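*Asks:* Generate coordinates for the sequence data below:
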Amino acid sequence: MDLFSPVKLGNLTLQNRIFMAPLTRCRSVDGHIPNAMMAAYYAQRASAGLIIAEATMVSPLGIGYPNTPGIYTPEQLEGWKQVTHAVHEKGGRIFLQLWHVGRISHPAFLGGALPVAPSPVKPAGETYTPEGMQSFVTPRALEAEEIPTIVRQFVIAAKNAVEAGFDGVEIHGANGYLIDQFLRDGTNRRDDAYGGSVENRARFLFEIVRDVCDAIGPERTGVRLSPSGTFNDMSDSDPQSHFTYICGQLGSYHLAYLHIIDALEGDIRHGANVVDLRILRAAYPGLLITNGGYDKTRGNAVIAEGVADAVSFGALFLANPDLPERFKSDASLNTPDPATFYTQGAEGYLDYPTLQG
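*Replies:* Residues are numbered from 1 along each chain as shown. Down below sits the predicted model:
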C-alpha cells in the first residue's frame, strides 16, 4: 500500500490516502458565514482522498481568531451547504473539524467576558484580535455544571454539519484548544471529576465523542490529537503514558478515524516530551491518519510500514490544489506564501496554479 491506494473510512471508500488537513484561512464573512470563495477553494482540492475542512466554532464563545467560520446559526449552515455541494460535485469527500478554543480566546472577541478553560492558567504570548495584537488573559475556570452545555454544543454542531452536507466531523482535541487543555496536566489543575488522573482529564473528550457518535454515528466521527505538541504554550508531564491510554480508550468507540499530529521539529526544539507514533499506533486499533511535515516519500514510507493508514497534508495542499496529481507524476510543487495564509481576499487562496494552468 501507498498514498495512492484506496482506503475505506467509515462507510466511505476513498480514492487515495492523500488527505487535506484542516487549515484556518480566515475567509468567512460577517457572522462567521462561509461563502462562495470558500466553496471554490475546497472544490479546487476535491481530488484529496478526504478534505478535513478548517476548524469551525461550535458556539460564539469558542472563537479565537477573526473571520473564522461557525456551525451554530442557520446562515452558517447555508454557507457551508455551498461548500459541501461544490466538493461533492467534483467527486470529493469532506469532513468538518469542530472547534472551541477555550483559553486561547480573548475578551475582545467575547464582549469583554473572560475566555473559559479547565483551570485559570494563562497562556504565554499574544494573540491577534480585532483591536490588534494583545496579550492573552487568565481564563475563567469552567464550573462543572457548565461542561455539559459545551458537550451539547459539539453535538448540535455535529448534527448541523451533517445537515449542511458534510460526510462527517472531526472533533478538534489538538493544538492547545479547549479539549486539549482538559487532556494535559500543564493546563488542567482541577480537583473534581474532570481533573487529576488521566481518566478524569479525558472525561470531557470522551463525553463529547460518545454523544457525537450517538447523534451522527461513529462512522461519521473522527478525533484529532497532538500528543507531542507545544503550540499555544502546552505541556504535559507524561504524554506517552497519558495519550497511549487516551488512544486505547478511543478504540472502543469504533470511530471513522483517529488523526495524530506527529512530532514536528519545532516540538523537539522547544523541549516537548515527544511521543513515538508507533506507540500510539499499537494502542489504537482503528484507521489512523498522521500529519506533520510529511512529503510524498515520508508519506509512502509511513503507510508501507503500517504505522499510519493515511497522511494529511497542510501547507502543501494549500499551495497545490492538485497535490495528488503532482505526487503521482513527481511534478514540481508550488511554494506556500505565508503572507496570505490569513488574509481575506482571493490572493494566495484561489490563485495557486494547477498543472493544467
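*Asks:* Specify the local secondary structure of the residue nearest in space to the middle of the chain.
*Replies:* By C-alpha atoms, centre = their mean, the chain has its centre lying nearest to residue 172, at 4.6 Å. Following DSSP: H, G, I helix; E, B strand; the rest coil, the label given to residue 172 is strand.
*Asks:* Next, the closest residue in space to it that isn't next to it in sequence: phi, psi?
*Replies:* Nearest residue to residue 172, sequence neighbours excluded (C-beta to C-beta, 6 or more residues apart in numbering): residue 99, at 4.6 Å. For every residue, glycine as well, the C-beta is placed using N, CA and C. With angles defined as degrees, to the nearest 10, residue 99 sits at phi -140, psi 140.
*Asks:* Report pLDDT for residue 95.
*Replies:* Listed pLDDT for residue 95 reads 99.
*Asks:* er, residue 293 actually
*Replies:* Here the pLDDT value assigned to residue 293 is 89.
*Asks:* And for the one 10 residues further on?
*Replies:* Model confidence at residue 303, given as pLDDT, is 98.
*Asks:* can you confirm it is in a strand?
*Replies:* No - the assignment for residue 303, made by three-state DSSP, is helix rather than a strand.
*Asks:* Could you verify my assumption that the residue nearest to the centre of the chain touches residue 158?
*Replies:* No - using C-beta atoms under 8 Å, residue 172 makes no contact with residue 158, being 11.9 Å away.
*Asks:* Name the SS class of the closest residue to residue 281 other than its chain neighbours, please.
*Replies:* The shortest distance from residue 281 to any non-neighbouring residue, by C-beta to C-beta, 6+ apart, is to residue 307 (5.2 Å). Under the three-state scheme (three-state DSSP), residue 307 adopts coil.
*Asks:* residues contacting residue 307?
*Replies:* By C-beta atoms under 8 Å, 6 or more residues apart in numbering, the residues touching residue 307 are 277, 278, 281, 288, 290.
*Asks:* how about residue 134, secondary structure?
*Replies:* strand.
*Asks:* Show me which positions of stretch 179-192 end up buried.
*Replies:* Buried residues in stretch 179-192, counted by 16 or more other C-beta atoms under 10 Å: 179, 180, 181, 182, 183, 184, 185, 186, 187, 188, 190.
*Asks:* I should have written stretch 122-138 there, sorry.
*Replies:* Buried, per 16+ other C-beta under 10 Å, within stretch 122-138: 123, 127, 129, 136, 137.
*Asks:* quick one: which two of those are the most distant?
*Replies:* The span of the buried residues of stretch 122-138, defined through C-beta to C-beta, is set by 123 and 129 at 14.1 Å.
*Asks:* if I read this right, residue 249 contacts residue 205, doesn't it?
*Replies:* No - the pair residue 249 / residue 205 is not scored as a contact, 9.1 Å apart, by C-beta under 8 Å.
*Asks:* Between those two, which has more neighbouring residues?
*Replies:* residue 205 (22 against 17; other C-beta atoms under 10 Å).
*Asks:* Low-confidence ranges, the stretch 201-350 of the chain, go.
*Replies:* In the predicted model of the stretch 201-350 of the chain, residues 264-272 satisfy pLDDT under 70.
*Asks:* And the strands in it, which stretches?
*Replies:* With strands called from DSSP state E, counting those that start in this stretch, the stretch 201-350 of the chain shows them at 221-225, 257-261, 288-291, 310-313.
*Asks:* Quick one: residues in contact with the first one.
*Replies:* Think strand 221-225. Defining contact as C-beta under 8 Å, 6+ apart, one finds that strand 221-225 is touched by 22, 52, 95, 97, 158, 168-174, 180, 183, 205, 209, 212-213, 243, 246-247, 250, 253, 255-261, 289.
*Asks:* Regarding residue 127, what is its secondary structure?
*Replies:* What three-state DSSP gives for residue 127 is strand.
*Asks:* Check whether the nearest residue to residue 33 once chain neighbours are set aside sits in a helix, strand or coil.
*Replies:* Closest residue to residue 33 apart from its sequence neighbours, by C-beta to C-beta, 6+ apart: residue 79 at 4.3 Å. Here residue 79 is helix, with the state taken from three-state DSSP.
*Asks:* What is the neighbour count of residue 79?
*Replies:* Neighbours of residue 79 under the rule other C-beta under 10 Å: 24.
*Asks:* same check, this time on residue 345
*Replies:* By other C-beta under 10 Å, the residues close to residue 345 number 11.
*Asks:* One more: residue 251?
*Replies:* 13.
*Asks:* which non-adjacent residue is nearest it?
*Replies:* Nearest residue to residue 251, sequence neighbours excluded (C-beta to C-beta, 6+ apart): residue 285, at 4.7 Å.
*Asks:* That neighbour and residue 249, how far apart?
*Replies:* According to C-beta to C-beta, to the nearest Å, residue 285 and residue 249 sit 11 Å apart.
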